[in-house]
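> this one's sequence-less:
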């Protein structure tokens, strides 16, 4: 039996790292320099401690089957509202915590090499630790209020890290864009929680209590609540229409890109829908809505990615697309299938971003894939692991992405949602195409420069090699019965009452073969066009697709400019000419009255005595008359 206090220490470990590194960084800039090694040790040991504590809880749950809760204190207890600060260690939260802490720890190690020599080295690790701690609060929360604390925490940390190099105005603009887009989603999430609270009556807002009292509300109210909660997921997980912040978030250092896309923040929306599975499972309409939003988001992102030239933005759009797959699964009620793709995606997407970062460093922060191809360096470990990641995300067996993505395709087909299946299948073709387009341009297309070997720090290459193992073998943890597996992840997440694949083997084999053929076609298409591409004639981000369907421009016209115009009107017309005029005229009137009153306050003692005499005389006359004397 474990000590349930381990749950809070999973969070406290990286949180203490953030506090220590933050304090030391202030000392570093104000008093005496602190070595990068000190910051790095604190920054990397604390996530490792969090992972080890999570592993202990995982092993104990696996042995006993118990669910653990840790009550910290009562936050609010008034009338009908009771909010307990309680942590929940069940199969779902520990499943998420396991790979969040492990992959997060590897990204922290990678950041040592990537950020070496940066003036803000200590500050970066303070933010990084805080980011991980916020995600763990979100995952281990026993109620949506605590979940929202972590939800906002990852939002704030992403803002701080996206604008880490705040001397560049574009970085600040990108951070503002991410922060504002997420505030829209967060407002929807809060409205959803409030709707549930008033609809269900007197509940303590824990997930257990919410599930037990769902019968107190009508389906129409639950439908509204489910929709509002999903608006939060649209923002946090970058789905249509709140996805526009994600590509611009690449302004931050590459380690933060890896952390956002692989272990924290963007996966929060999928986790939230799975955590509220008891709400969504009985509302088919909202489930289909979630699935279609995911499908169209996956398709849109994949189409845009085919014309991008920035290596990090291509990977960013691929994340949005893969998140779309996850929402197809959870929207259709296949919660464990969607979370399994979250799990496998964490390995190959972290590896791809970290590999891209290694390339960017080697080529002096060049991010255009055609220029990288023109001046490519000899990076054997990065090149090999990058290829593994590209194969995995393309869904080629036996790499991990094949098992998780194929299960989502099979789920859509099994449910009779053939349009969803067709969209997802075509997106799989596009994924293989644009990912191998990037690979062939960066590593294969001929150039006229001699490739020179560039030394890559061990803190970069070792995490890449570990993640490569996960990208290859993680899929076997949920090996389907058709291959003699036992669906271990599905079994572990049995509490979600998730749907499972139960079609005959022939149909399943045909669907698998079709998905592999589609992916292979995408690879061959990319090979035929880009394996021998003339790098002296690079493609540009032009045209309808290259300009991302002008969505940013449309949003600017519909939302940004009208808001600016309204703000200007309020500032210049209402505030300056109306409100200020009213206030100034009123104040002037009071000043004038005051001046007139002040005339009798002249410091003349004789005047005061005469005034008192006149006043007393008036009083005596009044009394004389009123008393009839």
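Perfect, I can see it now. Fair warning: this is a prediction, and the values are worked out from it, not measured in the lab. Numbers count the residues shown, from 1 in each chain.

> so residue 246 sits against residue 240, correct?
No. Using Cβ atoms under 8 Å, residue 246 is not in contact with residue 240; the gap is 11.5 Å. In short, each C-beta sits where N, CA and C put it, glycine included.

> shaky segments in the stretch 301-450 of the chain?
450 (pLDDT under 70).

> for it, which segments count as helices?
Counting by DSSP state H, counting those that start in this stretch, the stretch 301-450 of the chain has helices at residues 311-331, 335-362, 369-374, 380-394, 400-414, 418-439.

> tell me where the model's unsure across the protein.
In the chain, residues with pLDDT under 70: 1-4, 202, 450, 571, 574-577, 580-581, 594-604, 628-629.

> quick check, central residue of it?
Among the residues of the chain, residue 265 comes closest to the average C-alpha position under Cα atoms, centre = their mean, at 2.3 Å.

> which residues are in contact with the closest residue to that one other than its chain neighbours?
Sequence neighbours aside, residue 154 is the residue nearest to residue 265 in space, at 4.6 Å (criterion: Cβ to Cβ, 6 or more residues apart in numbering). Taking Cβ atoms under 8 Å, 6 or more residues apart in numbering, we find residue 154 in contact with 131, 134-135, 138, 236, 264-265, 268.

> check this structure for its longest helix and report it.
Using DSSP state H to define each element, the chain has its longest helix at helix 169-200.

> I'd like to know which elements that helix is packed against.
With contacts defined as 3 or more Cβ pairs under 8 Å, 6 or more residues apart in numbering; DSSP states H and E, the packing partners of helix 169-200 are helix 144-162, helix 219-236, helix 245-248.

> between those, which one is nearest to residue 43?
helix 144-162 (13.3 Å; Cβ to Cβ).

> which parts of that closest one are buried?
144-148, 150-155, 157-162 (16 or more other Cβ atoms under 10 Å).

> and what of stretch 372-384?
372-374, 376-377, 379, 381-383.

> quickly list the domain ranges of this protein.
Residue ranges for the domains of the chain, per automatic domain parsing: 291-546, 599-629.

> name the helix or strand for residue 77, please.
strand 68-78 (DSSP states H and E).

> what sits up against that strand?
2, 4-5, 7-8, 57, 61, 82-90, 142, 145.

> please repeat the previous calculation with a cut-off of 6 Å.
4, 7-8, 83-89 (Cβ atoms under 6 Å, 6 or more residues apart in numbering).

> tell me the strands beside it, with direction?
Pairing partners of strand 68-78, with direction, according to DSSP bridges: strand 81-89 (antiparallel).

> give me the contact list for the strand it pairs with.
Contacts of strand 81-89 (Cβ under 6 Å, 6+ apart): 7, 57, 68-76, 140, 142, 145, 204-205.

> again with stretch 296-304
239-240, 317, 320-321, 324-325, 423, 427, 430-431, 548.

> show me which pair in these is furthest apart.
Maximum distance among those (Cβ to Cβ): 20.3 Å, for 325 and 548.

> between those two, which one's more packed in?
residue 325 (30 against 21; other Cβ atoms under 10 Å).

> wait, that one sits on residue 408?
Yes. With contact defined as Cβ atoms under 6 Å, residue 325 and residue 408 form a contacting pair (5.1 Å).

> and of the contacts of strand 81-89, the nearest to residue 167?
residue 140 (36.3 Å).

> contacting residues for the closest one?
87, 93.

> ok, it to residue 7 distance?
6 Å (Cβ to Cβ, to the nearest Å).
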